[in-house]
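Q: Sequence and predicted structure below; questions after.
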Amino acid sequence: MSSRQITIIANWKANLPPSEEVALAKEIAESLLGALPKSGLPSDVRVLLAPSTLGLVPVASLLRREYPHSALEVAAQDVSLSIPGAFTGEAPAEHFVGIAPAVIVGHSERRRDHGETAEVVGGKLARAVAAGLAPVLCLGDDLPRAEIASRVAYVEEQSVATFAAAERAGCSAARLLAAGLVIAYEPVWAIGTGNPASVEIAEGIAAGLRSALNREELPVLYGGSVDAASAAAWFGTSTARTSLDGLLVGGASLSADRFATIVRAALSAAGSAQ
Ligand code: PEP
């Protein structure tokens, strides 16, 4: 059995108001209770719920108050570039401390809708790490029909530009890795389209990034149209795991049943299903 940890992140985006996010978190926790040992999630499976910024505190409070043994955690969907101070409307990394241990940075929707460049994403990585948050860096190609080698080259280039920007913002690649950096490979053509990439493509990207960064153990997740029915394929089995370290799930995480099925597949691949 592999000891590599599997991480599953639910990205709820801006789909639900906080009251419905709390209800969904409760439904997910209840739905998972039967699949978990009494002590909660085993240490080789990590599950983070990423509600909207307004939903972070109520969802985190619910999990702490009513499901303290579930080990379910929350993550932020984004973080501001600014430090705490007179910056109206911003959400600096320091404000998430004690609420969310991790933050998604560079999601393709932020890049598309807010013009976030590698410079901005690198700066946000640096801010997250400075505050003690573990960043989940989204990288992805917009090459629906490319060969794997071209995709790997594209994503590697994106990662090099982002790490260089983080370095300029005062955070070296070594520091990012030490802070618990996780990469989420999210091809733009797969997100929300019902057309996921293949495991082969995602594993090719993971291998390319690990070799470029010289980090065999770099955690790489896949995200893009993952659903309950196909979840198991992304993990393999407890004796023949894929080289991926988990999933970032959008649409399917808005259904407690579908998301819980994905988590159960992870538990089973980790060899921890009850
Ligand atoms: C996402 O946007 O991060 C994502 C993975 O979405 P979906 O699962 O809906 O494709």
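A: Everything's here; your move.
Q: contacts for the top helix by length along the chain?
A: As assigned by DSSP state H, the longest helix anywhere in the chain is helix 148-168. For helix 148-168, the external contacting residues (CB atoms under 8 Å, 6 or more residues apart in numbering) are 106, 118-123, 125-126, 129, 137, 139-141, 143, 146, 172-173, 176, 183, 185, 187, 200-201, 204-205, 207-209, 212-213. The way it works is simple: take the backbone N, C-alpha and C, and place the C-beta from them, glycine included.
Q: That helix: what's the following helix or strand?
A: Counting by DSSP states H and E, the next helix or strand C-terminal to helix 148-168 is helix 173-178.
Q: Which strands and helices lie in contact with that next one?
A: Helices and strands touching helix 173-178, by 3 or more CB pairs under 8 Å, 6 or more residues apart in numbering; DSSP states H and E, are helix 118-131, helix 148-168.
Q: Reformat those as TSV; add mean neighbour count, distance to residue 48 and mean pLDDT.
A: Shown next, in TSV, are these (neighbours: other CB atoms under 10 Å; distance: least, CB to CB, whole Å; pLDDT from 0 to 100):
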stretch	mean neighbour count	distance to residue 48	mean pLDDT
helix 118-131	23	14	98
helix 148-168	18	21	96
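Q: Dump those into TSV; add distance to the ligand as well.
A: Shown next, in TSV, are the helices and strands packed on helix 173-178 (distance: least, CB to the nearest ligand atom, whole Å):
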stretch	distance to the ligand
helix 118-131	15
helix 148-168	15
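Q: how close does the closest residue to the ligand within the stretch 101-250 of the chain sit to residue 13?
A: Nearest residue of the stretch 101-250 of the chain to the ligand: residue 250, at 2.1 Å (CB to the nearest ligand atom). Note on residue 250: its distance to residue 13, by CB to CB, to the nearest Å, is 7 Å.
Q: what's the residue lying closest to residue 53 once chain neighbours are set aside sitting at in phi/psi?
A: Sequence neighbours aside, residue 91 is the residue nearest to residue 53 in space, at 5.7 Å (criterion: CB to CB, 6 or more residues apart in numbering). Here is the backbone geometry of residue 91 (degrees, to the nearest 10): phi -130, psi 80.
Q: Let me see the contact set for residue 91.
A: Contacts of residue 91 (CB under 8 Å, 6+ apart): 53, 76, 78-80.
Q: picking that back up, got the angle between the longest helix of the chain and helix 118-131?
A: 60 degrees (axes from the mean of the first three to the mean of the last three CA atoms, to 10 degrees).
Q: re the thing from before, what's the local residue count around the residue of the stretch 101-250 of the chain closest to the ligand?
A: Residue 250 has 22 neighbouring residues, counting by other CB atoms under 10 Å.
Q: got a pLDDT number for it?
A: Per-residue confidence (pLDDT) for residue 250: 98.
Q: what residues does the stretch 51-200 of the chain put near the ligand?
A: 186, 191-192 (CB under 6 Å from any ligand atom).
Q: Rebuild those residues as JSON lines, extending it with distance to residue 220, neighbour count and secondary structure.
A: Shown next, in JSON lines, are these (distance: CB to CB, whole Å; neighbours: other CB atoms under 10 Å; DSSP: H, G, I helix; E, B strand; the rest coil):
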{"residue": "186", "distance to residue 220": "11", "neighbour count": "26", "secondary structure": "coil"}
{"residue": "191", "distance to residue 220": "16", "neighbour count": "22", "secondary structure": "coil"}
{"residue": "192", "distance to residue 220": "21", "neighbour count": "13", "secondary structure": "coil"}
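Q: For the protein, just list every one of the helices.
A: According to DSSP H, the helices that the chain contains are 18-33, 53-66, 108-114, 118-131, 148-168, 173-178, 199-212, 231-235, 256-269.
Q: what would those look like in JSON lines with distance to residue 72?
A: As requested, the helices of the chain are exported to JSON lines (distance: least, CB to CB, whole Å):
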{"stretch": "helix 18-33", "distance to residue 72": "6"}
{"stretch": "helix 53-66", "distance to residue 72": "5"}
{"stretch": "helix 108-114", "distance to residue 72": "24"}
{"stretch": "helix 118-131", "distance to residue 72": "21"}
{"stretch": "helix 148-168", "distance to residue 72": "29"}
{"stretch": "helix 173-178", "distance to residue 72": "25"}
{"stretch": "helix 199-212", "distance to residue 72": "25"}
{"stretch": "helix 231-235", "distance to residue 72": "17"}
{"stretch": "helix 256-269", "distance to residue 72": "9"}
